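# What follows is a predicted structure for the sequence shown.
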Amino acid sequence: MQETVTTSALLDPSHSSVSTQDKSSTGGHTSSTGPQPSKPSITPVSAKSRNPHPGANFHRMRRIIAEDPEWSLAIVPLLTELCIQHIIRNFQNNPILKQMLPEHQQKVLNHLSPDLPLAVTANLIDNENYWLRCCMQRWPVCHVAHHGGSWKRMFFERHLENLLKHFIPGTTDPAVILDLLPLCRNYVRRVHVDQFLPPVQLPAQLRPGDQSDSGSEGEMEEPTVDHYQLGDLVAGLSHLEELDLVYDVKDCGMNFEWNLFLFTYRDCHSLAAAIKACHTLKIFKLTRSKVDDDKARIIIRSLLDHPVLEELDLSHNLIGDRGARGAAKLLSHSRLRVLNLANNQVRAPGAQSLAHALAHNTNLISLNLRLNCIEDEGGQALAHALQTNKCLTTLHLGGNELSEPTATLLSQVLAINTTLTSINLSCNHIGLDGGKQLLEGMSDNKTLLEFDLRLSDVAQESEYLIGQALYANREAARQRALNPSHFMSTITANGPENSVG
Amino acid sequence: MNPPGSLAGLDPNLDEHLSTQILAPSVHSDNPQERIQARRLRIAARLEARRREALGEYLDGKKESEEDQSKSYKQKEESRLKLAKLLLCGTELVTNIQVAIDIREIHRRVEEEEIKRQRIEKLENEVKTSQDKFDEITSKWEEGKQKRIPQELWEMLNTQQLHCAGLLEDKNKLISELQQELKTKDDQYVKDLKKQSDDICLLLERMEEQVKNVMKTFREELYNIEKAFEVERQELLASNKKKWERALQAHNAKELEYLTNHMKKVEDYEKQLNRQRIWDCEEYNTIKIKLEQDVQILEQQLQQRKAIYQLNQEKLEYNLQVLKKRDEESTVIKSQQKRKINRLHDILNNLRSKYAKQIKQFQEENQSLTLDYKRLVLQFKELQKAMRHFALIDDEKFREIWLMNEEEAKDLIARAFDVDRIIHTHHLGLPWTAPDFWFLKNVGPISQQPQKSATQIVEEMLMHTEEEEAEEAALEPESYLDLPKQISEKTTKKILMLLCDESGFLIESKLLSLLLPLEQNECYLLRLDAIFSALGIESEDDLYKLVNFFLKYRAHRLSSSLQIKSCSQASMEKASMEETSMGSELELAEQTEMEGAKEESLVEGEKEEEEETPPSPWDIHPNDVLKILEAFVMGLKKPRDSRAPPRVQKNMRNNSKDSEYWQALTTVIPSSKQNLWDALYTALEKYHIVLTQRAKLLLENSSLEQQNTELQALLQQYLNSKINSELQVPPTQVLRVPTK
C-alpha cells in the first residue's frame, strides 16, 4: 500500500496510476479496516476532483500530492523501525540487544531467525519466545515440562544430548562439545543420553570379530570400545543436577554386535570421577548398561558422602549382592532419598544388608527392588527394618519370590508404621493366608494409600477388603490435604470421645 | 459424627458463658474496679464469640454443603469418586500388563534357571564321561606304546579311533543339542520380542483408550457438575427472587405505613405551625413596639452622644493645638539640647585629651617619684646605718653621761651622806651608819642582769653540783633560781644528761671525734652546747622551758596514759609558751641588746666539768626523749618565728627602771631624815638668824662705833673748817633738822 502511494506520487498522473489509487481507496472502503476512519470520507472527494479534469496535470497533480489521502505519517516506516530491521538483519555480525528499550528488544526477538549461531545467541538472549521458536523448528515434539518449563534450557539440553548421542570417539572432534560448553554451561541442568556410540572400527577388524566367536572378541577389542569420557563436560556444567545415562546403542539393526553394548571399566572409572567432582548433581541414573557388581561398587564408592545427591537409579543392570551391599553403605553415607535397583540380581544377602542400612536411615523415601530375587529372607529383613524406620514412604518389592512369612511380618509393620504410603508386592507368592494376615495388618493402618497385590495368589476377598481400607485411607488423606488444620482439630476432638466411647 | 461431637463440646462452653454473663460485674457499676473487670469480660466474650462464630460458620458451612448445596456437592463427590475409580482402574489396567510381563519374566527366569541348572549338570556329566573316556583313551595309548606287534597295534589303533570317534560324536551331539537349544532360544527370543511388541502395542492401545476414556468421563463429569451447578444456581436464583419479592412486598407495605404516618405527622406539624405562627405574630408585635421604644431612647442617646462628641472634638482640637505648640517647643528644646550635647561632646573630648595628658604627666611624675623613692630608700638605708651608728654612739654617750651623772649623783650622795654623818655626829651627836642601798653599788646604765645563755647556766649548774658534792651542802639560791621552784637542780641535771645521752645524733661527728680526748664534764658541756645549737635553744628561758616541758610531759605521762595526750599537751604547751613568749618579749629585747655582742664569746669561753649520776628509773624513759624533743622543737619554732620581726626593735632601751633608779638615787636620804633635816634646818636657821642678827648687831654696833668716831672726826673737821664761818646758815643748824 505504501509503495503504491509512493509510485503514484512519482509517476505522472496517468489513468493507470489513478486507477490503482482508486482501487486501493476502494479497497480501503470495502475492507473498512484501515487505521484511519477518515480516509474513506476524503477519498471520494479527491477522486471526484480528479476524475472530471483528467487533463490538468501539473498543478493538479501537485495538489493531489498535497491532498493525497493515502499519504500519512503512519504509513512511513519510523526510523526506529528501520533500525530494528537492520539490527535484525545484521544480528549475526553485530548483536545489539541489551542497549535497546524493552519494546524494541521484544520486536527484535520476535523477528530473529532461529538459525542464528549459538555463539551469538546463547548468552545474549534470555527470551523464552525465541527459544520456543528454536525448539519448535528443530524438534516436532517438545515436552518443556521435562526441562523445568524453560525453553532455553530445553534447547540446550536437547542440543547437547544430540551431540553426545552422535559423538563417536576417535572420529568426532571433541571440540564440538567443548566449544558448546561455555555457551550452555549456565543453562543445562539435566543431561539425558540414551546412547553412547563406540569408536568406529575398521571393517578389517570387524570381520575377524564376526568370524571369531563371542568369547574372543570381548578380550580383543575391549580397550578400543571406550565411549565418550564425560569428565570434561560434567566439570564444565556448573548447574548440572541430573545425569541420566544409558550405555547403549540404538538402531544398530543388522550391525548388531555384543561389544557395542559394553560398559567398560575405563568408562566406569571416568564416569565415577566425573560424578564425584560434580557437587551439584542431585539425580544420577545409569540404567540398562550392564553394570555389574564391581562397576556398581566403583560408582557407589565415588558417590559416598556426596553433598547433594538425592536419587540413584541403577535399574536394569546386573548388580548382585555385593553391589547391593555397596548401595546399603551409600544409604548411610549420603542423603539419598530415592534408590532404584529394579531388575537386578539382588538376592537375600544383598536385601539383608540394605535392610540393615534402612533400619536407622532417615533420608530414604523410596526403595525399589522390583524384579530381584530377595526371597523371604530378604523380605523378612526388610520388614524388620521397617519396624524402626520412620522415613520410607514407598517400597516396591514386586517380583521377588516373597511368600507368607514376609507377609506376616509386613502385616505387623503395617500396624505400627505410619510413614509408608505405598507398597508393591505384586508378582509374589503371598498365598491365601498371607493375604489374610496382610488384611489384618491393614485394618490397623491409617496411612497406606497404595498396596499392590496383583498376581500374588491372594484371595480376591481379602484383596477387595484391602482395597476398601486403602480407599478409606485415601479419603482421609484427601481430607487432610484439603484442610489440614480442621482435620487435626476434629481428630483431637474425636480422640477423647472415642476413648470415652 | 463430627458436628454433634463438636456441638456437644461447645454446649458447656455456651452455658458457662451465659452463667458468667449473669454473674458478671456490671459496666454501670459504681465501683471502678468492677467496671474495669466488666469491660475486660466483655472484650473476652466478644473475642470468644468471634472465634466461635468462625468455627460455627465453618461447621454450618459444612452442614450446608451437605444439606443445602447437596446437589452440586453430591455431584462433585460422585464424579470425584467415579473419576478416582476410573483412574485407579485405568492405571491398574495399564499396569496389569507390566505386572503380567513381570510375572512372566519371573517364570521365565525360574524356568531358565532350572534349564540352566540342568544344562550345567548335563554338561558336567558329559564332561565327566568324556573325561573318563578320554582317560581311557590316553591310558590305552600307553598300552599301545608297549605293543610291538603291528597287528595288535593296528587293532588297538582302530579301537582307539573308534573310541575317539565316539567321543567326538558325543561332543558333536552335545554341540548340536546346544545349537538346537540356541536356535529354539532364538526363536523364543523372536517370539518374545514379538510378544513384547504386542504387549507394548496393547499397552499403548490401553493407554490411549484410557486417555480417551478419562477425557470423556472427565468431560462428562465436568458437564454434569456444571449442569448441577447450573440447576442449583437456577434454584438459588428462583429462591432469591422469591425472597426478593417477599422483601419487596414487605418493603412496600412498610412504605405505605410510613407514608400514612408521615401524612398524619404532616398534618400535626401544620397545625402546630399555625399555632406557632399566630403566637409568633403576637410576639413580634410586642417586640416591635418595644424595639421602637428602644429606638427612640437610643436616638436620644445618640443626640447626647453627638453633643458630647462635639464637645470632645473641641477639647481635642484645643489639646491638639497645645500639643502642637509643645511640639514646637520641644523641637526648640531638642535643638538646644543637641547643641548642648555637641558642646558637651567637645568638652568631653577636651577632657579626654586633658586626661590623657594628665595620665602621661602622672606617669612621669610617678616615675620621678619612684626614682625619688628609690633614692629615699637609699637615703633611708644610709640613715639607718647612720642611725645605728648614732645609736651606738648614743649608747656610748648615754653610758658616759649616765656614768657622769651617776658619778655626780654619787658624789652628791656621798656629800649628802657626809653631811648626814656630820649632822648626825656633830650636830645631833648620834652614831651614823651608812645606808646600804643596791643602787649605790650600781655602775653604768641600769639593766636587768644580762640573761645568761643556756650553756652558761649549764656550766653554772654543773659547777654547783660539783660544789654540792664537794661540800654536801644545801644548794644556794642563785640568780637562776628565779626559775620555777619546783625544778630542782638535780632533776634538771638529770634531764640534761639524759638529753645529752639520747640525742647524740644532733652532734656533728667531727665534734665527737674531737671530744673523745676531753674530760667527761667538758665533754658533756660541749655536747650539750652542740645539741642546744641544733635545737635552737639559745637562752636561759629556752632551757628552762625545755626542762619544764620534760617535767610536764613526765607528769602527764604518769597521771594519764601516753602520747595522744602528750600531743595535746604539747599543743597546750605551745599555747602557753606563746603567751609566755609574748610576755617575755620585752625582757628578751632587753637581754638581746646586751647579749648580741657578748653571747658568742661567752658561749665559747665556757667549759666545765661535771660528775654524773645515771637517770633514776622513775625518770623519763630514754625512748620518750625523742618524742618530747620533737614536740618541743615544734612548739619552740613557732614563737621563734613570730618573734623574728620585732627583734629589730629590741635595741630600744627600757628606761622605766631608769627613772626608778634615779628616783631611788634622789631618795637616798629618806624623808624622815629629811624631815629631821628640815627640822634641824629650821632650827639651825633660826639659830642662824639669831646668830646673824647678833652678827649684824655686832657689826652694826661696830660700824656705829666707827661712824661715831668718824662722825666725830668729821664734825670736828667741819667745825673746824672756815667754810662754816662763811656760810649764811651754818650746817650746824641743818644737822639739827634731820635729827629731828
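Okay, I see it.
# Quick one: distance of the helix or strand harbouring residue B:676 to the chain centre.
Residue B:676 is part of helix B:671-720 when elements are defined by DSSP states H and E. Per C-alpha atoms, centre = their mean, to the nearest Å, the displacement of helix B:671-720 from the mean C-alpha position of its chain is 110 Å.
# before we move on, what about stretch A:236-246?
Offset of stretch A:236-246 from its chain centre (C-alpha atoms, centre = their mean): 12 Å.
# Can I get it in PDB, CA atoms only?
C-alpha atoms of stretch A:236-246 as PDB (Å, rounded to 0.1, in the frame of the first residue of the first chain):
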ATOM      1  CA  GLY A 236      32.100 -27.700  32.800                       C
ATOM      2  CA  LEU A 237      28.400 -27.600  33.500                       C
ATOM      3  CA  SER A 238      28.000 -25.500  36.600                       C
ATOM      4  CA  HIS A 239      24.400 -26.200  37.200                       C
ATOM      5  CA  LEU A 240      24.200 -29.800  36.400                       C
ATOM      6  CA  GLU A 241      21.600 -31.600  38.600                       C
ATOM      7  CA  GLU A 242      20.600 -34.700  36.800                       C
ATOM      8  CA  LEU A 243      22.600 -37.200  34.900                       C
ATOM      9  CA  ASP A 244      20.600 -39.900  33.100                       C
ATOM     10  CA  LEU A 245      22.800 -42.200  31.100                       C
ATOM     11  CA  VAL A 246      22.300 -45.400  29.200                       C
END
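# sorry, back to before: report all helices and strands that the helix holding residue B:676 contacts.
Packed against helix B:671-720, as judged by 3 or more C-beta pairs under 8 Å, 6 or more residues apart in numbering or on different chains; DSSP states H and E, are no other helices or strands. From N, CA and C alone the C-beta is placed, and that goes for glycine too.
# so is the closest residue to residue A:270 other than its chain neighbours in a helix, a strand, or just coil?
Of all residues not flanking residue A:270 in the chain, residue A:229 sits nearest, at 4.5 Å (C-beta to C-beta, 6 or more residues apart in numbering or on different chains). Taken by DSSP: H, G, I helix; E, B strand; the rest coil, the conformation at residue A:229 corresponds to coil.
# Number of residues surrounding residue A:229?
Applying other C-beta atoms under 10 Å in any protein chain shown, we find 17 residues neighbouring residue A:229.
# In chain A, what residue spans correspond to strands?
In chain order, chain A shows strands spanning A:190-193, A:242-245, A:283-286, A:311-313, A:338-340, A:366-368, A:394-396, A:422-424, A:450-452, with DSSP state E as the criterion.
# Give the pairing partners of the second one; include direction for each.
Read it as strand A:242-245. Strand A:242-245 has the following sheet partners, assigned by DSSP bridges: strand A:190-193 (parallel), strand A:283-286 (parallel).
# Dump these to CSV, plus distance to residue A:275 and mean pLDDT.
Written out in CSV, the entries for these read as follows (distance: least, C-beta to C-beta, whole Å; pLDDT from 0 to 100):
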stretch, distance to residue A:275, mean pLDDT
strand A:190-193, 11, 90
strand A:283-286, 6, 92
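# okay, those in JSON lines with mean neighbour count next?
Formatted as JSON lines, those follow (neighbours: other C-beta atoms under 10 Å in any protein chain shown):
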{"stretch": "strand A:190-193", "mean neighbour count": "20"}
{"stretch": "strand A:283-286", "mean neighbour count": "21"}
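# Report the mean confidence score over the longest helix seen in chain A.
Ranked by residue count, the top helix of chain A under DSSP state H comes out as helix A:460-482. Along helix A:460-482, the predicted confidence averages to a pLDDT of 89.
# Let me see the contact set for the residue nearest to the spatial centre of chain A.
With distances taken as C-alpha atoms, centre = their mean, the residue of chain A nearest its centroid is residue A:146 (2.8 Å). Residue A:146 makes contact with residue A:154 under the criterion C-beta atoms under 8 Å, 6 or more residues apart in numbering or on different chains.
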